[in-house]
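1. sequence first, then the predicted structure:
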Amino acid sequence: AFDVDGATPARCCPASGTLYNTNTLEAFKTIDKKALLDKAASEIWSVIQSGAALEDSSILNKFILLTFADLKKYHFYYWFCFPALCFLEGVQLEQEPVSLECSFSAKQISSLQTAYDNLCASSGTTAVPHFLLKYTDESVEVAPLKDLNSFFPDLKKITVGVYDPCTLPQHPGWPLRNFLVLLAKKWGSQLDVLEVLCFRDRTLQGSRSIRHSIIFRVKLPDLTASAVCPKSVGWEKNAKGAMGPRSVNLSECMDPKRLAESSVDLNLKLMRWRLVCFLYVIFCEYIIQNAEGYNMSIPMPGHPVNFSELTMAQARQDVEQLEKLISEHDVVFLLMDTRESRWLPTVIAASQRKLIVNAALGFDTFVVMRHGLKKPKESQSEESTTTITPGTAQTYPCVFHTHSHTSLFSNIPGHRLGCYFCNDVVAPGDSTRDRTLDQQCTVSRPGLAMIAGALAVELMVSVLQHLEGGYAVASSSDDRMNEPPTSLGLVPHQIRGFLSRFDNVLPASLAFDKCTACSPIVLDNYEREGFQFLAKVFNSSHSFLEDLTGLTLLHQETQAAEVRLIICITLCVLTVTFRSEPTITDKFMITVRSKKTVLLACAIR
Ligand SMILES: [Zn+2]
């Protein structure tokens, strides 16, 4: 449409105009619209006066388009003006409009159509905007506007045609206005009665018709002596019928955010259709909610914060913010790059009974897991009286498995699942100390983070689809052949992926009663002492948590057991190799000696 030399579509009259696009809405509102109109009107008047409009009457059809585009909100304001010169005293109607099929015979109509098409062909346009017309009962003749004097020997009564976009049966369209001014200016003194054919050309379902064209007679005022540009009108009324701009809101189809919303909406609809099941509204809301970002540092065990009052206050503030954020949300994703930075959110979320989805990366391995969701605090008292040890896990009732499992880690209900720290027998500490840069940073295969991130979201969605949510029994790799617990399939505890083998396994593990993050004693201390307790953890070495949870004891017991075993073996070897080479026994003795300190510690206990 901006190409001046562009082709005009079939049976359309070209109209050229000027686009004024303002930079601000303010400029759009305050621009002098009367001046714009006056300028266009005087241009039309000058081509009428000069006679240029007779050669090319399409220049009578002008427009102004005033626009402002709010590209942030995708709101577009526009105001059209179709400048039209006015007759001061109006135009007197001599004969009411009638449709062409009432005033012309079928033969005349078809003759008119052929004559008009020939005129278009000879003038090289797809539609001639204005033309002259002569007709008898037998035939219809048309001619270009500039032939007026030769085409009509007698100017008393002439017929003109105007290509009319209007469809009203009693009213001509807007383009007639400037055409009448042209006729009044050029021949107003000679014309007695002017017959006007509003030529309407329509193609409906492949069949073309001009029978709904209208024809009427007017008496034109005489403008031949007038040199001053007549008054003009043309700014379009808006949809409310008031003088004002129109606007379109294209945010629905252009705003990336709205597009994302609608594609998510569509995806959900398709999923709903596909699964023929009810998806929680909450699912929608998670995606559509706007994201908010916070830049904060998470205090970590083994990373002291007690350098100054300022650092302590900052740590306290960070803890409070994290507590607040977790309390305001339903799911927490842990996607940090160190082990110890996951400790504080794990403790807070476990205490607040919020679902955690955790993703951790290695070089070509990852783990995506949901932390066990503890039972609500009120219902815990009866639970604690029947503290279940790992050995009794398979006795736990499960509605989704009708056949019995013999595996220790089958059918673990959500509230007894472990957390990220449950499988560890050392407390989190400063994992970046004494490490080179490449050891501090997790170097991963490029696709790993995306795979793990996507699985983390899908795991959350599957958990939310389960009627019991975070309390859902963990599905394991063994369940892959069974009836899935939700419409979306399995609800595993962990997904451990091995990119080198392009393989995932779904292990499940129990909460560890000496866990440094989710064990009752840690949660108890946190809930009782709050930041006081946390500060102790941050500022102490990892032995603090290990002492608290009894891990230290566990280490000692395990190592004592190991040493006892080694001593037994040594004694056996010593007996057996009584005469063997001393170097062999030396080796065993060295091993035994290195464990002595542990033995001592054991003895003291
Ligand atoms: Zn744990």
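-> Great, that's in hand.

2. and the closest residue to the ion within the stretch 151-300 of the chain, what element?
-> Nearest residue of the stretch 151-300 of the chain to the ion: M300, at 16.4 Å (Cβ to the ion). The way it works is simple: take the backbone N, C-alpha and C, and place the C-beta from them, glycine included. Assigned by DSSP states H and E, M300 belongs to neither a helix nor a strand.

3. find the nearest non-adjacent residue to it, please.
-> E340 (4.2 Å; Cβ to Cβ, 6 or more residues apart in numbering).

4. measure the one you found to the ion for me?
-> Distance, E340 to the ion, using Cβ to the ion, to the nearest Å: 14 Å.

5. what is the burial count for that residue?
-> 23 (other Cβ atoms under 10 Å).

6. got the residues of the protein near the ion?
-> C419, F421, C422, C515, A517, C518 (Cβ under 5 Å from the ion).

7. hmm, try it at 6 Å
-> Neighbours of the ion within the chain, by Cβ under 6 Å from the ion: G418, C419, F421, C422, A511, F512, C515, A517, C518.

8. what helix or strand is the second one located in?
-> C419 is part of no helix or strand when elements are defined by DSSP H and E.

9. which ones are touching it?
-> Under the criterion of Cβ atoms under 8 Å, 6 or more residues apart in numbering, the neighbours of C419 are T346, A350, I356, N358, H371, G372, A511, C515, A517, C518.

10. of those, closest to N539?
-> Closest approach to N539 among these (Cβ to Cβ): A517, at 17.4 Å.

11. and that closest one, how many neighbours?
-> Neighbour number of A517 under other Cβ under 10 Å is 28.

12. that one and A350 touch, don't they?
-> Yes - the pair A517 / A350 is scored as a contact, 6.9 Å apart, by Cβ atoms under 8 Å.

13. on that earlier part again, right, and the residue nearest to M300 touches G429 too?
-> Yes - between E340 and G429 there is a contact at 6.3 Å, judged by Cβ under 8 Å.

14. quick check: neighbours shared by the two?
-> Common neighbours of E340 and G429 (Cβ under 8 Å, 6+ apart) are P301, G302.

15. for the residue nearest to M300, give me the backbone phi and psi.
-> phi -70, psi -20 (degrees, to the nearest 10).

16. V425: what's it in contact with?
-> Contacts of V425 (Cβ under 8 Å, 6+ apart): L551, L554, H555.

17. relative to C120, how far out is it?
-> 92 Å (Cβ to Cβ, to the nearest Å).

18. now swap in M296 and tell me
-> Taking Cβ to Cβ, one finds M296 at 73 Å from C120.

19. pLDDT weak spots in the stretch 451-600 of the chain?
-> Residue ranges of the stretch 451-600 of the chain with pLDDT under 70: 562-600.

20. mind redoing it with 80?
-> Applying pLDDT under 80 to the stretch 451-600 of the chain flags residues 542, 555, 558-600.

21. report the distance from stretch 514-525 to the chain centre.
-> The chain centroid and the centroid of stretch 514-525 are separated by 41 Å under Cα atoms, centre = their mean, to the nearest Å.

22. now do the buried residues in it.
-> By neighbour count with 16 or more other Cβ atoms under 10 Å, stretch 514-525 contains the buried residues K514, C515, T516, A517, C518, S519, P520, V522, L523, N525.

23. among those, name the ones in helices.
-> P520, V522, L523, N525 (DSSP state H).

24. let me know the closest of these to the ion.
-> V522 (8.5 Å).

25. isn't the closest one up against T516?
-> Yes - assessed by Cβ under 8 Å, V522 is found in contact with T516 at 6.5 Å.

26. tell me the residues that contact both of these two, please.
-> L545, L548, T549.

27. is it true that the second one lies in a strand?
-> No - per DSSP: H, G, I helix; E, B strand; the rest coil, L548 lies outside any strand segment and is helix.

28. give me the phi and psi angles of the residue of the stretch 51-200 of the chain found nearest the ion.
-> Nearest residue of the stretch 51-200 of the chain to the ion (Cβ to the ion) works out as K72 at 46.8 Å. Dihedral angles of K72 (phi, psi; degrees, to the nearest 10) stand at phi -80, psi -40.

29. residues near it, how many?
-> 8.

30. kindly report the same for D513.
-> D513 has 16 neighbours, counted by other Cβ under 10 Å.

31. from here on, count from 9
-> With the count now opening at 9, the last piece we talked about shows up as D521.

32. nearest residue to it in space, please, no chain neighbours.
-> Counting by Cβ to Cβ, 6+ apart, the residue nearest D521 is S527, at 5.7 Å.

33. my guess is that neighbour contacts Y534, does it?
-> No - between S527 and Y534 there is no contact under Cβ under 8 Å: 10.8 Å.

34. list the helices and strands the strand ranked longest in the chain packs on?
-> The longest strand of the chain (DSSP state E) is strand 83-93. Secondary-structure packing of strand 83-93 (3 or more Cβ pairs under 8 Å, 6 or more residues apart in numbering; DSSP states H and E): helix 41-58, strand 70-78, helix 184-195, strand 240-243, strand 254-257.

35. tell me what angle the second one forms with strand 83-93.
-> If you take axes from the mean of the first three to the mean of the last three Cα atoms, to 10 degrees, strand 70-78 sits at 160 degrees to strand 83-93.

36. over to the first one?
-> Taking the same axes, to 10 degrees, one finds helix 41-58 and strand 83-93 inclined to each other by 40 degrees.

37. how much space between the residue sitting nearest the centre point of the chain and L141?
-> Computing the C-alpha centroid of the chain and ranking residues by Cα atoms, centre = their mean puts A268 first, at 2.2 Å. Distance, A268 to L141, by Cβ to Cβ: 58 Å.

38. again with K248
-> Counting by Cβ to Cβ - K248 and L141 are separated by 39 Å.

39. ok, those two, which is more surrounded?
-> More neighbours surround L141 than the other of K248 and L141, with 22 against 8 (other Cβ under 10 Å).

40. looks like that one contacts T167 (just checking).
-> Yes - using Cβ under 8 Å, L141 is in contact with T167, at 4.3 Å.

41. S130 falls within a strand, correct?
-> No - remark: S130 does not belong to a strand; assigned using three-state DSSP, it is helix.

42. report pLDDT for it.
-> S130 is assigned a predicted lDDT (pLDDT) of 92.

43. so what's the residue count around it?
-> Using other Cβ under 10 Å, the number of residues around S130 comes to 10.

44. residues touching it, list them.
-> Contacts of S130 by Cβ under 8 Å, 6+ apart: none found.
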